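J.: Pasting the sequence and the predicted model now:
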Amino acid sequence: MTGYAEEHGIKALCFDIDGTFYPKWQMDVRLAAASLPHLPFALRYNSMRQRLRRETGFGESDTLSLIELQKKEAGILGMEASSFIEKEERVFRKPWRRLFSSIVPFPGLREVLEEAQRRGYMLAALSDFPTEGKLEALGIADLFGYVSSTEDYGALKPSVTPFRSMLDKLGVSPCEALYTGDSRSKDIDGAKNVGMHTALISRSVRVYSNADIIFFSWKEFGKVVLGV
């Protein structure tokens, strides 16, 4: 039995992390509790990130370093860069690193990724959020040749900039890559806009025009994408 990847000449299997490798509610609950004492800042921060996403949309963006991106974010919030960076670290980044150690991945995740690697597919991860320590905590870091955050490029999904940068690093064309994620607007629409094949993980959505594949479990992913 052949799967979608072999049938379509896929060379690289690329993935979102949060909500794709583990149920996103696990981190949402943990972060909500951690950020509750800083709720006004958390709400403004979320609004600022949504604004950045809307401003770039599907277009290209100038590549910015993380510090340059943080200065831009601080400006939107009307804060001094140093104060913003310190508060972002204290409210979000430090708790995220601490809380992620207790995250439980979806059942069957590693087994499917191991089979994909065994078959010669390149594995890549591209997240909108910091990737530090995540794949290690999920027990899959050794399987990936490319791991990056869109923050490394100064542009959030669905901007073409991080997707194209990932493809360039992997040395594949868009039609040779499958991007898997849980967000229709950021992951699926963003990757499809670049010309990639797309797979949506969802337990509720069964039809979406920009998703070439929709699956609800990693066992199903292995069956449909790899043919196992």
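T.: Right, received. Where do you want to start?

J.: tell me the domain boundaries of the protein?
T.: 4-23+106-226, 26-101 (automatic domain parsing).

J.: can you give me the end-to-end distance of the first one?
T.: Using CA to CA, to the nearest Å, the span of domain 4-23+106-226 from its first residue to its last is 7 Å.

J.: can you tell me which of the domains of the chain the model trusts least?
T.: When the domains of the chain are compared on mean pLDDT, domain 26-101 scores lowest, with a mean of 89.

J.: Regarding the protein, what is its longest helix?
T.: Across the chain, the longest stretch assigned as helix under DSSP state H is helix 39-56.

J.: Just want the phi and psi numbers for the closest residue to Arg53 other than its chain neighbours.
T.: Closest residue to Arg53 apart from its sequence neighbours, by CB to CB, 6 or more residues apart in numbering: Leu156 at 4.9 Å. Every residue, glycine included, has its C-beta placed from N, CA and C. Main-chain torsions, Leu156, degrees, to the nearest 10: phi -90, psi 150.

J.: Kindly provide the distance from Leu156 to Glu89.
T.: 19 Å (CB to CB, to the nearest Å).

J.: Which of these two has more residues huddled nearby?
T.: Legend: neighbour count by other CB atoms under 10 Å for Leu156 and Glu89, higher for Leu156 (24 against 14).

J.: Can I get the strand or helix carrying Glu111 as CSV, trimmed to CA atoms?
T.: Element membership of Glu111, judged by DSSP states H and E, is helix 109-118. Below are the C-alpha coordinates for helix 109-118, written out as CSV (Å, rounded to 0.1, in the frame of the first residue of the first chain):
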residue,chain,number,x,y,z
LEU,A,109,3.5,10.2,17.4
ARG,A,110,7.0,9.0,17.7
GLU,A,111,6.3,5.6,16.0
VAL,A,112,4.9,7.3,12.9
LEU,A,113,7.8,9.8,12.7
GLU,A,114,10.3,7.0,13.1
GLU,A,115,8.7,5.2,10.2
ALA,A,116,8.8,8.3,8.1
GLN,A,117,12.5,8.8,8.9
ARG,A,118,13.2,5.1,8.1
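
J.: Right, I'll leave it there.
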